[in-house]
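Engineer: Have a look; sequence and predicted model below, questions after that.
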Amino acid sequence: MQRLSVILPAYNERGNLAPLLREIAAVAQQLPYATEVIVVDDGSTDGTPLEVEQVAAELLPPLEEVTLVRLKGNYGQTIATMVGVLQAEGDVLVLMDADRQNDPADIPKLLAKLSEGFDVVSGWRKDRKDPLTKTLPSKIANALIAWATGVRVHDLGCSLRAYRAWVLQTLVQEGLHHRYMPIYCAAKGARIAEVVVHHRPRTVGKSKYGLRRFFSVLHDLPLLIFLARYSQNPFAGLMTMGVVAATITFLGSLMAFGLRQMWLLPLMATFVLAGIFCGLGIVAEQGLRLSGKRAEFARHAIAEVRQFASIRRT
């Protein structure tokens, strides 16, 4: 029998986790998988771990195992996700938010699509239950990233996704960013599909995200373009960047002297410096990804692991 790991990064989600875990258990009862749930507590201060401990026993079975991983502090969703992947033992991994806006009833739909031969199935919150201040910047950011990278995913912000284990196990050793997972997966040659999923309004707690996410996208865009187009041949990517930057600088300088518009020269110098720093940043990122330091950091972030199991694995 195949194993399914459901990973829930959680930060101050008391009041959401107990009903969410019960929903996941109800869905697991209908699946042909031995199912474990891994809750990664990202330094919560509201008693989130206690809620998991209180409800775990009633979930066994239909869940085979509930694992609570407590981190030493609040490291953010990316590190919490990496920790969950490192703990997972499933053949298939499902990631979802712990705030109950993702609906566990959509998990069978994701798994069915995965069985068609895809490696990653991403959720699309076509009818989002969020205010315009969140949905509009998200739509703009998604369209911008799809245009720039060529990875046509409608909803990069949707955390509800199903993966074949090899995809995330490969990525987690290099470091990953939870928001751009389809970009990273596509760079590894994974076959990606998308299905429309249900999105529920938040009823307990506060959203951890806002308008600043859009500006983060602008900051990350050069790296995403590089990963999408040159991850298999980074030297060619850097060479292309260098040739483009040199050509623009040369033509701009000719125009400045030809038209006697000397104000263009400082602009060209700024462009050259920006290109150099961008290239150095990408080289540093590639070096960090290949070093495995991020996975090592994620392991060191773990403070405690508690397992509640109905069937001990051998």
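Structural biologist: Nice, I can see it.
Engineer: Pretty sure Val94 sits against Arg161.
Structural biologist: Yes. The pair Val94 and Arg161 qualifies as a contact (CB atoms under 8 Å) at a distance of 7.2 Å. C-beta: built from backbone N, CA, C; applies to glycine.
Engineer: overlap in contacts of these two?
Structural biologist: Applying CB atoms under 8 Å, 6 or more residues apart in numbering, one finds that Val94 and Arg161 are jointly contacted by Leu110.
Engineer: Show me where the chain has its strands.
Structural biologist: Taking DSSP state E, the strands of the chain run over residues 3-10, 34-41, 65-71, 92-95, 120-124, 161-164, 192-196, 302-309.
Engineer: quick one, the fifth one and strand 192-196 angle?
Structural biologist: Strand 120-124 and strand 192-196 are oriented at 30 degrees to each other (axes from the mean of the first three to the mean of the last three CA atoms, to 10 degrees).
Engineer: tell me which residues of strand 120-124 are tucked away?
Structural biologist: Val120, Val121, Ser122, Gly123, Trp124 (16 or more other CB atoms under 10 Å).
Engineer: Let me know the closest of those residues to His300.
Structural biologist: Of all the buried residues of strand 120-124, Val120 has the smallest distance to His300: 27.8 Å, by CB to CB.
Engineer: what pairs with the closest one across the strands?
Structural biologist: Tyr163, Ile192 (DSSP bridges).
Engineer: List the contacts of stretch 163-179.
Structural biologist: Stretch 163-179 is contacted from outside by 5, 9, 77-78, 81-82, 85-86, 88, 90-95, 114, 119-121, 156-157, 159, 181, 184-185, 188, 190, 213, 216, 220, 288-290, 292-295, 298, using CB under 8 Å, 6+ apart.
Engineer: Could I get the buried residue list for that stretch?
Structural biologist: Under the neighbour-count criterion of 16+ other CB under 10 Å, stretch 163-179 has 163-165, 167-168, 171-179 buried.
Engineer: Spatially nearest residue to Thr67, not counting backbone neighbours?
Structural biologist: Nearest residue to Thr67, sequence neighbours excluded (CB to CB, 6 or more residues apart in numbering): Ile38, at 4.6 Å.
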